[in-house]
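*Asks:* what follows is a predicted protein model with its sequence.
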Amino acid sequence: MYSVYLLAGKPYGTLYIGITYDLAQRVSQHKGKLVRGFTAKYGVDRLAWFEMHEKHASALQREKRIKGWKRDWKINLIERNNPHWLDLSNDLAA
């Protein structure tokens, strides 16, 4: 299954959206700063939201759609499912 996910540096902080086939591994890479670039530079590693897709095409389409959203819309998406901005990676099986 493919995952579309939003990472945050802290509640209401810097946001990053991505797509992956192995969410637990990818979040672990972000936390270990093994993914060079934006997330490592800005310390964005808290899994704030994700959703699963069976097909890569639908996940990619959803990622692109959310990337085009205003910041407030992304925050609302997170808060609908994770109002306390918990790090959801704690519930993922590694």
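*Replies:* Arrived safely, thanks for sending.

*Asks:* show me where this protein has strands.
*Replies:* 2-8, 15-20, 46-53 (DSSP state E).

*Asks:* single out the most deeply packed of those strands.
*Replies:* strand 2-8 (a mean of 23; mean count of other CB atoms under 10 Å). Just so you know, the C-beta spots here come from the backbone N, C-alpha and C atoms, and that holds for glycine as well.

*Asks:* give me the sheet partners of that one and which way each runs.
*Replies:* Partner strands and pairing direction for strand 2-8 (DSSP bridges) are strand 15-20 (antiparallel), strand 46-53 (antiparallel).

*Asks:* including mean pLDDT and distance to residue 69, could those strands go into a markdown table?
*Replies:* Formatted as a markdown table, those follow (pLDDT from 0 to 100; distance: least, CB to CB, whole Å):
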| stretch | mean pLDDT | distance to residue 69 |
| --- | --- | --- |
| strand 15-20 | 98 | 9 |
| strand 46-53 | 97 | 12 |
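
*Asks:* mind checking which of these is nearest residue 31?
*Replies:* strand 46-53 (8.9 Å; CB to CB).

*Asks:* can you list contacts of the closest one?
*Replies:* 1-10, 15, 23, 27, 59, 62, 77-78, 81-82, 85, 87-89, 92 (CB atoms under 8 Å, 6 or more residues apart in numbering).

*Asks:* again with stretch 9-25
*Replies:* 1-8, 26, 38-39, 42-48, 50, 56, 59-60, 63, 66-67, 71, 74-75, 85, 89, 92-94.

*Asks:* if we use 7 Å, what do you get?
*Replies:* By CB atoms under 7 Å, 6 or more residues apart in numbering, the residues outside stretch 9-25 that reach it are 2-8, 26, 38-39, 42-44, 46, 50, 59-60, 63, 66-67, 74-75, 85, 92-94.

*Asks:* and for the closest residue to residue 9 other than its chain neighbours, the neighbour number?
*Replies:* Among residues not flanking residue 9 along the chain, residue 44 sits closest, at 4.6 Å (CB to CB, 6 or more residues apart in numbering). Around residue 44 there are 20 other residues, counting by other CB atoms under 10 Å.
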